[in-house]
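Engineer: Fold the stuff below for me.
(7 chains)
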Amino acid sequence: MALKPLADRVVIKLVEAEETTRGGIILPDNAKEKPQVAEVVAVGPGGLVDGKEVQMYLQPGQKVIASKYAGTEVKVDGEEYTIVRQNDILAVVE
Amino acid sequence: MALKPLADRVVIKLVEAEETTRGGIILPDNAKEKPQVAEVVAVGPGGLVDGKEVQMYLQPGQKVIASKYAGTEVKVDGEEYTIVRQNDILAVVE
Amino acid sequence: MALKPLADRVVIKLVEAEETTRGGIILPDNAKEKPQVAEVVAVGPGGLVDGKEVQMYLQPGQKVIASKYAGTEVKVDGEEYTIVRQNDILAVVE
Amino acid sequence: MALKPLADRVVIKLVEAEETTRGGIILPDNAKEKPQVAEVVAVGPGGLVDGKEVQMYLQPGQKVIASKYAGTEVKVDGEEYTIVRQNDILAVVE
Amino acid sequence: MALKPLADRVVIKLVEAEETTRGGIILPDNAKEKPQVAEVVAVGPGGLVDGKEVQMYLQPGQKVIASKYAGTEVKVDGEEYTIVRQNDILAVVE
Amino acid sequence: MALKPLADRVVIKLVEAEETTRGGIILPDNAKEKPQVAEVVAVGPGGLVDGKEVQMYLQPGQKVIASKYAGTEVKVDGEEYTIVRQNDILAVVE
Amino acid sequence: MALKPLADRVVIKLVEAEETTRGGIILPDNAKEKPQVAEVVAVGPGGLVDGKEVQMYLQPGQKVIASKYAGTEVKVDGEEYTIVRQNDILAVVE
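Structural biologist: I've put the predicted structure just below:
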């Protein structure tokens, strides 16, 4: 069972805080309960969104930082995902 | 008796939580009382909406995840439906 | 005496709850005091509204579902009407 | 002394509640203290308003229903008027 | 010392309430402490404002009615003025 | 050390209230703690701002009146400046 | 490990208050707990953002003043950064 995001949306999976720490990234204290580093799982097709052409530049597998509070959380097959607009992804972590 | 959505609207029918569980999808706790997984029942014609051309890409029968809080609930012939804008549908579940 | 709606506005007359029930449509509990099913009584000419071209696709006599809270209520010759924008009409009931 | 409305504005004069009743129009209870039926007294020239071309379709002498709460009230030579945008006029009463 | 308004702004000087009464214009009670009738003192050059072309149609010396609450008050050489956008001027009084 | 404003921004330096009084300009009482008269110190290059072309018409050295509450205050080499958008400058004082 | 900002975003690193003082820049008291002077660390590619073409004019290494409250803070390899939109950068400090 898979989530196929629509329009300019992206499905991301938050990276566990522990894993984040091992990778060298720690979020500031006020963001502790909701880690922002996530992995891109699926990318929508883009196209006309609210009358404006949107091109998707993200790829599944990329590690990204998402805007706090953005998106909708869902659980599929026991895994938690967040669906956000591509524009709510602030940066890629390499 | 049928609901024919106008403009960029879509009629969806929420999938029961039990059925959702059997299908492997469970929503997080804070969304329990309003399941987000729904089936597309009818799709509007699209066209000019608020001065912007909208093309409809959803099909009746698709399982989708709708944005929480979006839409208007109505009951037709004893069945409850929600009318949302296509842009409030976040992803297709396959 | 008649109401001629301007621009993209539509005059609708709410259908009584009893009649609605006979027709097989019942609104959910939280909408009880303001039934949403209405009949289109008059349709404005459309045209440029807030700088955007609007085409009217509704016809007098159609049964429609209007967005809750939308519109302005007036009474003409003892009959109550609601004036809404066409875009506040969510679906046609057939 | 006369009021010449600017841009897309219209000067209207509210019709007295008594006169309204004789004419067959009664407003609902919650609108009692501010009758919505008015006569168009003067119409602005239209033109570019906030970057959008506006054409004026109202004529002095028309009876109209104005959106509640819209407009600014002024008193000229002892008479009270309201200045509204043309788009705040919902319908013509004929 | 003179105020030269920029872009689509207009410098107006409120007309004293007494003078207003002699001229036959009285504002409603709820506007008593801030008279709306004013004389145009200076008019900006118009041009591109927020990406939209604005043409100025007001002239110094015109008596106008300004939208309440609009504008910024300043005092130059002991005289109080208000700087408003041209679009906050509702009507010309003739 | 110098501040070079970006896009449609302007660096202004508030003129001291005393100096203002000598120059014949006094602000009304409710603006006492934050004088609005300022001198333009530096002007940004303009260009595309939020998708709209902005041309800069202010010059360093001009005395201007800025919209109250607009801008961000900074201190450089012991001098306080305010950075505002050009559109927050209401008028030039000559 | 590096942060690559997306679209019109810029990664900045706040300059320590002490260092700022040595450089001759002191922020006003009400901005003490969040210094605004920062160094540009990485600049996004620009391009179409919300349907509008954005060109990036900032360069890594520039000292800038950022709008207070703008941006999202993250910590990478023990260093704190802020990700802001280019348009939230007010001025370059030279």
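Engineer: only C-alpha atoms for contact and neighbour calcs from this point on.
Structural biologist: Noted.
Engineer: The residue in chain A positioned nearest to chain B: neighbour count?
Structural biologist: Nearest residue of chain A to chain B, counting by CA to the nearest CA: A:Pro5, 4.1 Å away. Per other CA atoms under 10 Å in any protein chain shown, the neighbour tally for A:Pro5 reads 25.
Engineer: and it, what are its bridge partners?
Structural biologist: B:Ala91 (DSSP bridges).
Engineer: And for the one 5 residues further on?
Structural biologist: Under the criterion DSSP bridges, A:Val10 forms beta bridges with A:Val43, A:Val84.
Engineer: how close does it sit to B:Ala70?
Structural biologist: As judged by CA to CA, to the nearest Å, A:Val10 and B:Ala70 stand 19 Å apart.
Engineer: The residue of chain A closest to chain B contacts A:Ile83, doesn't it?
Structural biologist: Yes: in this structure, A:Pro5 is within contact of A:Ile83 by CA atoms under 8 Å, at 7.4 Å.
Engineer: Find the residues that touch each one of these two.
Structural biologist: A:11, B:90 (CA atoms under 8 Å, 6 or more residues apart in numbering or on different chains).
Engineer: picking that back up, who has more neighbours out of A:Val10 and B:Ala70?
Structural biologist: Remark: of A:Val10 and B:Ala70, A:Val10 carries more neighbours, 31 against 14, as counted by other CA under 10 Å.
Engineer: For that one, give me its contacts.
Structural biologist: By CA under 8 Å, 6+ apart, the neighbours of A:Val10 are A:40-44, A:83-86.
Engineer: Considering these, which possesses the most neighbours?
Structural biologist: A:Ile83 (27 neighbours).
Engineer: quick one: pLDDT of that residue?
Structural biologist: In this model, A:Ile83 is scored at 95, pLDDT.
Engineer: Same question for A:Val64.
Structural biologist: 96.
Engineer: Surely it is in a strand?
Structural biologist: Yes: per DSSP: H, G, I helix; E, B strand; the rest coil, A:Val64 lies within a strand segment.
Engineer: There's contact between it and A:Leu90 in this structure, I believe.
Structural biologist: Yes: here A:Val64 lies in contact with A:Leu90, judged by CA under 8 Å, at a distance of 7.4 Å.
Engineer: Count the neighbours of A:Tyr57 for me.
Structural biologist: 10.
Engineer: Roughly how far does the residue in chain A positioned nearest to chain C sit from chain D?
Structural biologist: Per CA to the nearest CA, A:Gly51 is where chain A lies closest to chain C, at 12.8 Å. Distance of A:Gly51 to chain D, computed by CA to the nearest CA, to the nearest Å: 18 Å.
Engineer: Burial check on the closest residue to that residue other than its chain neighbours, number of neighbours?
Structural biologist: Leaving out its chain neighbours, the residue that sits closest to A:Gly51 by CA to CA, 6 or more residues apart in numbering or on different chains is B:Lys52, at 5.0 Å. Applying other CA under 10 Å, we find 16 residues neighbouring B:Lys52.
Engineer: Ok, the one 4 residues further on next?
Structural biologist: The burial metric for B:Met56, expressed as a neighbour count using other CA under 10 Å, is 17.
Engineer: Kindly provide the distance from the closest residue to it other than its chain neighbours to B:Tyr57.
Structural biologist: Nearest non-adjacent residue to B:Met56, counting by CA to CA, 6+ apart: B:Gly46, 5.7 Å away. Using CA to CA, we find B:Gly46 at a distance of 9 Å from B:Tyr57.
Engineer: same check, this time on A:Asp8
Structural biologist: Note on A:Asp8: its distance to B:Tyr57, by CA to CA, is 13 Å.
Engineer: Kindly report the same for A:Val49.
Structural biologist: 12 Å.
Engineer: what does A:Ala2 give?
Structural biologist: The value you get for A:Ala2 to B:Tyr57, if CA to CA is used, is 18 Å.
Engineer: Please apply the same query to A:Glu79.
Structural biologist: From A:Glu79 to B:Tyr57 the distance is 27 Å (CA to CA).
Engineer: before we move on, the earlier item: which two among the contacts of A:Val10 are spaced furthest apart?
Structural biologist: A:Val41 and A:Arg85 (13.1 Å; CA to CA).
Engineer: which regions of chain A sit below the pLDDT cut-off?
Structural biologist: Within chain A, the ranges that satisfy pLDDT under 70 run A:1, A:16-35.
Engineer: Which single residue of it ends up nearest chain G?
Structural biologist: For chain A, CA to the nearest CA, closest residue to chain G: A:Ala91, 4.1 Å.
Engineer: dump the residue contacts of the residue nearest to the spatial centre of chain A.
Structural biologist: Geometric centre of chain A, nearest residue: A:Ile12, 3.3 Å, by CA atoms, centre = their mean. Counting by CA under 8 Å, 6+ apart, A:Ile12 touches A:38-42, A:81-84.
Engineer: and stretch A:60-74, C-alpha only, in CSV?
Structural biologist: Taking C-alpha atoms only, stretch A:60-74 is exported to CSV below (Å, rounded to 0.1, in the frame of the first residue of the first chain):
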residue,chain,number,x,y,z
PRO,A,60,12.8,10.4,-3.1
GLY,A,61,15.6,9.5,-0.7
GLN,A,62,16.8,13.0,-0.1
LYS,A,63,17.2,14.1,3.5
VAL,A,64,15.4,17.4,4.1
ILE,A,65,14.5,19.9,6.7
ALA,A,66,10.8,20.7,6.8
SER,A,67,9.1,23.8,8.1
LYS,A,68,7.7,23.1,11.6
TYR,A,69,3.9,22.9,11.9
ALA,A,70,3.6,22.3,8.1
GLY,A,71,1.8,19.3,6.7
THR,A,72,-0.7,16.6,7.7
GLU,A,73,0.3,13.4,9.5
VAL,A,74,-1.0,10.0,8.4
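Engineer: What residues sit buried inside that stretch?
Structural biologist: A:63-67, A:71-74 (16 or more other CA atoms under 10 Å in any protein chain shown).
Engineer: next one: stretch A:78-92
Structural biologist: Under the neighbour-count rule (16+ other CA under 10 Å), stretch A:78-92 has A:81-92 buried.
Engineer: mind listing what A:Ala7 touches?
Structural biologist: A:44-49, B:87.
Engineer: give me that answer again for 10 Å
Structural biologist: A:43-50, A:54-56, A:85-86, B:57, B:86-87, B:89-91 (CA atoms under 10 Å, 6 or more residues apart in numbering or on different chains).
Engineer: Assign it to helix, strand or coil.
Structural biologist: coil.
Engineer: Look at the closest residue to it other than its chain neighbours and say how many residues are nearby.
Structural biologist: Spatial nearest neighbour of A:Ala7, excluding adjacent residues (CA to CA, 6+ apart): A:Gly46 at 4.6 Å. The tally of other residues near A:Gly46 (other CA under 10 Å) stands at 19.
Engineer: quick one: A:Gly46 and A:Asn87 touch, right?
Structural biologist: No: if you go by CA atoms under 10 Å, A:Gly46 and A:Asn87 don't touch, sitting 11.3 Å apart.
Engineer: Quickly list what's touching both of the two.
Structural biologist: A:8-10, A:54, A:56.
Engineer: Farthest pair within these?
Structural biologist: Maximum distance among the shared contacts of A:Gly46 and A:Asn87 (CA to CA): 12.6 Å, for A:Val10 and A:Val54.
Engineer: Quick check: neighbours shared by those two?
Structural biologist: Common neighbours of A:Val10 and A:Val54 (CA under 10 Å, 6+ apart) are A:45-46, A:86-87.
Engineer: intersection of neighbour lists for B:Gly46 and B:Tyr57?
Structural biologist: B:Gln86.
Engineer: Give the bridge partners for the residue in chain A that chain F sits nearest to, please.
Structural biologist: At 12.8 Å from chain F, A:Lys52 is the closest residue in chain A, using CA to the nearest CA. Beta-bridge partners recorded for A:Lys52 (DSSP bridges): A:Val49.
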